[in-house]
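A.B. asks: Just the structure for this:
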Amino acid sequence: MTSTAPSGEFLDRILERKRVEIGRRKRHEKQLAALVEAAGERQERGTFAIERLRRASTDAVPKVIAEIKRRSPSAGEIRKREHGDIARIARGYAAGGASAVSVLCDGPGFGGSVLDLRRATRAIDVPVLFKEFVLDPLQIELARISGAHMVLLLVRALEPNELHALVAHAHAAGLAPVVEAADEHELSVALATDATIVGVNARDLRTFRVDPAYARRVLDVIPSERIAVLMSGITSAEQIIALAGSRADAVLVGEGLMRASDPGARLRSWLDEARAAVAS
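C.D. replies: Predicted coordinates for the structure are as follows:
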């Protein structure tokens, strides 16, 4: 069932809950420090993600970041949890042509966890995005020790100084920050950072209204040296085809795949259909 809470309150409630969650985690700093030490030296994973997501002139359609997403505050339950399904879905996405996989790690709102991220990174050899409401460097360290290559940072959730500090921390951890904007003002804030990957979300996280046309116009402003990612709003091969000549280097697709009995097979069929249509 879709939540009936006032839409403008969703993000505020999530961020407040996330601050409480971070506070609980910080009470176990010794355990986290031990995990960080056990993870060993910093590994440069972000470069691999950037290489995989940059669209070449020969790419007929944008790359796909396929998302593992069980539910959301707006859509309700999308897919029930099954034993071993994280690794199975991640492998299916990789086999289906995903250039990267996103794992939603928020529990109460989206049904995910850091453990889901770890399971995905161990199952595949494509880059994995830690998709969370990141407010603290501790979360970036959790992403790093869990094997992530990228970490999502929301302009709307952070003050500019906080955003810049977290981008720097992600780089220092060897991860690629993915800075997400929802409108032209937020995009200007995102582009003021030195993040290579910049996303524009077609879904406004305060109203949950989806407007792919507006998002595409905002995306067109992103300079060519950055990697431009269109997030949300993709539910068919036809929409991928429509982006063939766009600025989008990549698109992030979740719900449209996760509702299929075989998400990886659906991704493969969409990509095959899109490439055939553009080639014809």
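A.B. asks: By mean pLDDT, point me to the weakest helix or strand of this structure.
C.D. replies: In the chain, the helix or strand scored least confidently by mean pLDDT, DSSP states H and E is helix 29-39, which has a mean of 63.
A.B. asks: After it, which helix or strand is next? Please name it.
C.D. replies: Counting by DSSP states H and E, the element after helix 29-39 in chain order, helix or strand, is helix 46-53.
A.B. asks: average pLDDT across the following helix or strand past that next one?
C.D. replies: Next helix or strand after helix 46-53 toward the C-terminus (DSSP H and E): strand 63-68. On average, the pLDDT along strand 63-68 is 98.
A.B. asks: packing partners for strand 63-68?
C.D. replies: Counting by 3 or more Cβ pairs under 8 Å, 6 or more residues apart in numbering; DSSP states H and E, the packing neighbours recorded for strand 63-68 are helix 46-53, helix 85-96, strand 100-104, strand 250-253, helix 255-258, helix 263-279. C-beta: built from backbone N, CA, C; applies to glycine.
A.B. asks: again, only using 7 Å
C.D. replies: helix 85-96, strand 100-104, strand 250-253, helix 263-279 (3 or more Cβ pairs under 7 Å, 6 or more residues apart in numbering; DSSP states H and E).
A.B. asks: can you redo the ones you listed as a markdown table with mean pLDDT?
C.D. replies: Converted to a markdown table, the helices and strands packed on strand 63-68 look like this (pLDDT from 0 to 100):
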| stretch | mean pLDDT |
| --- | --- |
| helix 85-96 | 97 |
| strand 100-104 | 98 |
| strand 250-253 | 96 |
| helix 263-279 | 97 |
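A.B. asks: Residue 99 contacts residue 54, doesn't it?
C.D. replies: No. With contact defined as Cβ atoms under 7 Å, residue 99 and residue 54 do not form a contacting pair (9.5 Å).
A.B. asks: between these two, which one's more packed in?
C.D. replies: For residue 99 versus residue 54, neighbours defined as other Cβ atoms under 10 Å are more numerous around residue 99 (22 against 18).
A.B. asks: Look up how far residue 72 lies from the nearest residue to the more buried one once chain neighbours are set aside.
C.D. replies: In space, and not counting its chain neighbours, residue 99 is closest to residue 63: 3.9 Å by Cβ to Cβ, 6 or more residues apart in numbering. Per Cβ to Cβ, to the nearest Å, residue 63 is found 23 Å from residue 72.
A.B. asks: Do a quick rundown of the helices in the stretch 151-280 of the chain.
C.D. replies: All helices of the stretch 151-280 of the chain, identified by DSSP state H, counting those that start in this stretch, fall at 160-172, 184-191, 212-219, 237-242, 255-258, 263-279.
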